[in-house]
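Peer 1: Could you work out the structure for the sequence below:
(chains A, B, C and D)
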There are 2 protein chains.
Amino acid sequence: MHSREDLEKEVMVAARDQGIGSVLFRNALGRKLGVNVTDNECLSFLTIQGVATPSELAHYTGLTTGSTTAMLDRLEKAGFIMRKPNPKDRRGVLIEVNKKWMAAAGPLVAGIQSAHRELLGSYSDKELIVIADFLKRFTYNVHEHTKKIEEDTPSTLSR
Amino acid sequence: MHSREDLEKEVMVAARDQGIGSVLFRNALGRKLGVNVTDNECLSFLTIQGVATPSELAHYTGLTTGSTTAMLDRLEKAGFIMRKPNPKDRRGVLIEVNKKWMAAAGPLVAGIQSAHRELLGSYSDKELIVIADFLKRFTYNVHEHTKKIEEDTPSTLSR
DNA sequence: TCGTATAATCAAGTTACTTGAAATTAGAGA
DNA sequence: TCTCTAATTTCAAGTAACTTGATTATACGA
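Peer 2: Residues are numbered from 1 along each chain as shown, chains lettered A, B, ... in the order given. Okay, here's the model as predicted:
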């Protein structure tokens, strides 16, 4: 019923839809919790990573370091994050998410997390290995080509 | 070597890393092409979807419809998108990406696309079916819980 | 220890965003 | 058909967030 070509396309489309869905989910979460898109992306990154430096957050959010300072001021004032001294570099700080954010976001992500766990439970070990392998290699491609874009000389696109 | 628990966790981590990687890739692309984060997310969505209404773009980007109008004005002025009348609804318009954007972004995404195609080529039909199935069911979860968050009564989180 | 690079912050100016209202059309019900 | 309400987009005024360039402090290589 499915040609090889269709099958490959199906995976590509499914991967893209997944990306779109994730953005929509995070936006819904941010709206619900009353944080703007940028702050929400930052908090979502921190929730996954645990801690990060302002530089890393600037890179992830696509902001300049100046805007990142302002964003962290906002989030700190709101009680969602904490600045801690970086023991490895006295110039910098480490950012941590506070319990206030976890307590607010936790209940909203609990449902999807358990749904994902249930989904994973429906696969055999062998299948999970294939899935993990695919995701890792896919992500590797993304990283490699991100580096390539960042390294290449600036584009000449005129606006 | 791997417990079942480890295996499931590995997939979850891989899925999250993939999401983070995608954001970083899109940001790199936007920086390179000189468009801000919001405009870039919008263009990336349009590139995938082909066409969309301003309302859909507002929802995807997390903007109000007012900001979306301003964003579309920017992108139209820059020559990246086009407003077309919506034949199905004379109140609204349809947004399309112009060749100018495709020509600018195309070369930067060509590499990753062929890398992804090569990656898919390394899997058997059976494996691709598992991967596609996983991605679809994962995305289904995301959609369902996005709806749930949007439907629930507003949060009482005070800032 | 000198010079350069990196991390974060700050202040001034600019850009993008929100809010609330207006214009236009859709769609449902009398 | 004719209202009435809802939906889609736009607009103008005010606010919030972002960029740029400079500053402070520390790291790190020569």
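Peer 1: give me the low-pLDDT residue ranges for chain A?
Peer 2: Applying pLDDT under 70 to chain A flags the ranges A:1, A:153-159.
Peer 1: how about the residues of it near DNA strand D?
Peer 2: Chain A has residues A:36, A:38-39, A:62-67, A:70-71, A:74, A:89-91 near DNA strand D, with proximity defined as CB under 7 Å from any atom of the strand. From N, CA and C alone the C-beta is placed, and that goes for glycine too.
Peer 1: how about 6 Å then?
Peer 2: A:36, A:38, A:63-64, A:66-67, A:70-71, A:74, A:89-91 (CB under 6 Å from any atom of the strand).
Peer 1: quick one: A:Thr69 from A:Gly34, how far?
Peer 2: To A:Gly34, A:Thr69 is 22 Å away according to CB to CB, to the nearest Å.
Peer 1: Not including adjacent chain positions, what is the nearest residue to A:Asn27?
Peer 2: B:Gly62 (4.1 Å; CB to CB, 6 or more residues apart in numbering or on different chains).
Peer 1: The one you found touches A:Lys32, doesn't it?
Peer 2: No - taking contacts as CB atoms under 8 Å, B:Gly62 lies outside contact range of A:Lys32: 11.6 Å.
Peer 1: Now do the strands in chain A.
Peer 2: Using DSSP state E, the strands of chain A run over A:51-52, A:81-85, A:93-97.
Peer 1: Ok, which of those comes nearest chain B?
Peer 2: Chain B sits nearest to strand A:51-52 of all the strands of chain A, at 11.0 Å, using CB to the nearest CB.
Peer 1: returning to what we had before: Serialize the strands of chain A to TSV and add fields for distance to A:Gly21 and mean neighbour count.
Peer 2: Conversion of those to TSV gives the following (distance: least, CB to CB, whole Å; neighbours: other CB atoms under 10 Å in any protein chain shown):
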stretch	distance to A:Gly21	mean neighbour count
strand A:51-52	24	17
strand A:81-85	26	16
strand A:93-97	23	19
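Peer 1: Next, format these as a markdown table and append distance to B:Ala115.
Peer 2: Putting those into a markdown table (distance: least, CB to CB, whole Å) gives the following:
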| stretch | distance to B:Ala115 |
| --- | --- |
| strand A:51-52 | 27 |
| strand A:81-85 | 35 |
| strand A:93-97 | 32 |
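Peer 1: for the residue nearest to A:Asn27, what are its contacts?
Peer 2: Applying CB atoms under 8 Å, 6 or more residues apart in numbering or on different chains, one finds that B:Gly62 lies in contact with A:27, A:30-31, A:37.
Peer 1: for the residues you listed, which one is nearest DNA strand D?
Peer 2: Nearest to DNA strand D among the contacts of B:Gly62 is A:Val37, at 7.5 Å by CB to the nearest atom of the strand.
Peer 1: care to break chain A down by domain?
Peer 2: Domain assignment for chain A, taken from automatic domain parsing, gives A:1-34, A:38-97, A:102-150.
Peer 1: Which of those domains sits closest to DNA strand C?
Peer 2: In terms of CB to the nearest atom of the strand, the element of the domains of chain A nearest to DNA strand C is domain A:38-97, at 2.8 Å.
Peer 1: End to end on the closest one, go ahead and measure it.
Peer 2: The first and last residues of domain A:38-97 sit 15 Å apart, counting by CA to CA, to the nearest Å.
Peer 1: For burial, what's the neighbour tally of the closest residue to A:Tyr60 other than its chain neighbours?
Peer 2: The shortest distance from A:Tyr60 to any non-neighbouring residue, by CB to CB, 6+ apart, is to A:Phe45 (5.0 Å). Neighbourhood size, A:Phe45 [other CB atoms under 10 Å in any protein chain shown]: 20.
Peer 1: how close does A:Phe45 sit to B:Leu135?
Peer 2: With the distance defined as CB to CB, A:Phe45 ends up 22 Å from B:Leu135.
Peer 1: tell me the contacts of A:Met82?
Peer 2: The contact partners of A:Met82, taken as CB under 8 Å, 6+ apart, are A:76, A:95-98.
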